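>>> fold the following and give me the result.
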Amino acid sequence: MAAFGIGATIASVMFGNLSQKLEWTTLVRVGAIAIAVALLPANFVNLPWLLLLWSIAGAGQSLVDLPTQMLIADRIPTQAQGKVYGAHFAWSHLWWGFSYPLAGWLGSHLTEYNFFGCAAIIIVLLVVLETVFKPKNLTAGFWHEHEHIHDEYHQHDQALERLMQQPHSHLHFHSVLSSCMVS
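Model prediction:
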């Protein structure tokens, strides 16, 4: 755990500099790949190498987590951040409900190759996500904020009368793909 924490700390310290040079989605991909690469040989190395691999996995974990936290802080209005952080926490822990039993099963059935098996699952999931969902295309776009008034078809949690009479503003995301399709 100390090696994992050291790797996570180093990546967290470097994150500020890295996030200015690379897109956050790239950092998430690099982090996920680092975790998979660290796990692949873990069954076949001695303790000093395992500690190094574990620190790489810790760095990967930070590179996956920090951009998602930064996106929430950057894109969600302050008054809604608590709810969104709570939902993010619940969603991530839901997946632990699947991954911990899977790791336990792999550890008890593939005792000599459990880390290798986990890394293979990560790599397959990464390939599926990159191939099927094409995340680069999903994030292409821009955020902006402008004042507007809503009608009865576009609502928020506030009272309809107030929204239809008083201008207010919030962030909007416009996809480059949808902009191209409209043009």
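>>> when you work out contacts or count neighbours from here on, use the C-alpha atoms and nothing else.
Will do.
>>> okay, now the unreliable bits of this protein?
Low-confidence segments of the chain, defined by pLDDT under 70: 135-183.
>>> tell me which residue is most central in it.
With distances taken as CA atoms, centre = their mean, residue 68 lies nearest the centre of the chain, 4.5 Å away.
>>> tell me which element it falls in.
Using DSSP states H and E, residue 68 sits in helix 47-75.
>>> what ranges do the strands span in the chain?
The residue ranges that make up the strands of the chain, judged by DSSP state E, are 141-148, 168-175.
>>> re earlier: how much space between the residue nearest to the centre of the chain and residue 79?
Remark: distance between residue 68 and residue 79 (CA to CA, to the nearest Å) = 18 Å.
>>> kindly report the same for residue 36.
For residue 36, the distance to residue 79 - CA to CA - is 36 Å.
>>> so those two - more neighbours on which side?
residue 36 (23 against 8; other CA atoms under 10 Å).
>>> can you tell me the closest non-neighbouring residue to the more buried one?
Spatial nearest neighbour of residue 36, excluding adjacent residues (CA to CA, 6 or more residues apart in numbering): residue 119 at 4.7 Å.
>>> against residue 40, how distant is the one you found?
On the measure of CA to CA, residue 119 and residue 40 end up 5 Å apart.
>>> give me the neighbour count for residue 49.
Neighbourhood size, residue 49 [other CA under 10 Å]: 14.
>>> look up how far residue 101 lies from it.
Remark: distance between residue 49 and residue 101 (CA to CA) = 26 Å.
>>> rewinding a little: ok, now which ones touch the residue nearest to residue 36?
Counting by CA atoms under 8 Å, 6 or more residues apart in numbering, residue 119 makes contact with 35-37, 39-40.
>>> can I get these in JSON lines with distance to residue 15?
Listed next are those as JSON lines, based on distance: CA to CA, whole Å:
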{"residue": "35", "distance to residue 15": "16"}
{"residue": "36", "distance to residue 15": "20"}
{"residue": "37", "distance to residue 15": "20"}
{"residue": "39", "distance to residue 15": "22"}
{"residue": "40", "distance to residue 15": "24"}
